[in-house]
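Trainee: when you get a sec, could you give me coordinates for this:
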Amino acid sequence: MNFTYPIKQKKQIKNLMAVYPAESKKRLLLEFGLRTGLRISDILDLKVKDVHKQDFVWVQEKKTKKKKMLYLHPKLRQSIKVYVKSENLKPSDYLFFSEKNPKQAIQRMQAHRIISYAGDMIGVTPLSAHSLRKTFGYWSYKQGVDISLLQTIFQHSSQAVTLRYIGITQESINKVYATVDMGF
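Mentor: As a prediction, the model looks like this:
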């Protein structure tokens, strides 16, 4: 089993998002993972009515069984709107519906193929749904989100677990020691 890492370069994220067309299900799957940090099992369960024209979505996490309210980023809401319109989806449809059986969501393996292929196209391997989740955490942290808040979001037992999870490595720690200037 491969260990997954967050994407730590914004250019790679931009390139990742360019792999699939803007209005496609595949691109929305990538964006949903990057902007929410949800587990793939929770993303695939969503129906159009859960997220379309909504500011918030209620998610019952499959792993923890905990229910949480999740704010949808305005850019994600716009992507959902464009996608739902382009696919002419009904409120009762799965957001990420199966081509073989539109009354069902795509399977985890299909989601993995979509994400992995996009990673291959930009030279980021392995890339998985978990990589997208970790990328959300990494960039949240880099933009100043407190580690204790990320710990809560990810339901981790300690801040140390969260730091390791999002890829804050010894190299990053060393950079702090090398760059902090106290003016003397």
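Trainee: can you check the pLDDT for residue 65?
Mentor: With respect to pLDDT, residue 65 has a value of 89.
Trainee: host element of it?
Mentor: According to DSSP states H and E, residue 65 maps onto no helix or strand at all.
Trainee: ok, residue 58 next?
Mentor: strand 56-60.
Trainee: quick one: name whatever helix or strand follows that strand.
Mentor: Immediately after strand 56-60, counting by DSSP H and E, sits strand 67-71.
Trainee: mind checking how far that next one is from the chain centre?
Mentor: Strand 67-71 has its average C-alpha position 14 Å from the chain's average C-alpha position, going by Cα atoms, centre = their mean, to the nearest Å.
Trainee: neighbouring strands for it, and are they parallel or not?
Mentor: Sheet pairing here is set by DSSP bridges, and for strand 67-71 it gives strand 56-60 (antiparallel).
Trainee: give me the most central residue, the protein.
Mentor: residue 33 (2.0 Å; Cα atoms, centre = their mean).
Trainee: residue boundaries of the helices in this protein?
Mentor: Along the chain, the segments classed as helices by DSSP state H run 10-17, 25-36, 40-44, 48-51, 74-87, 108-122, 129-142, 147-154, 159-165, 170-179.
Trainee: now the angle from the second one to strand 67-71?
Mentor: Meaning helix 25-36. 100 degrees (axes from the mean of the first three to the mean of the last three Cα atoms, to 10 degrees).
Trainee: got it, and the fifth one?
Mentor: On the basis of the same axes, to 10 degrees, helix 74-87 is oriented at 90 degrees to strand 67-71.
Trainee: elements contacting helix 74-87?
Mentor: Counting contacts by 3 or more Cβ pairs under 8 Å, 6 or more residues apart in numbering; DSSP states H and E, helix 74-87 is packed against helix 25-36, helix 48-51. Every C-beta, even on glycine, is put in place using the N, C-alpha and C of the backbone.
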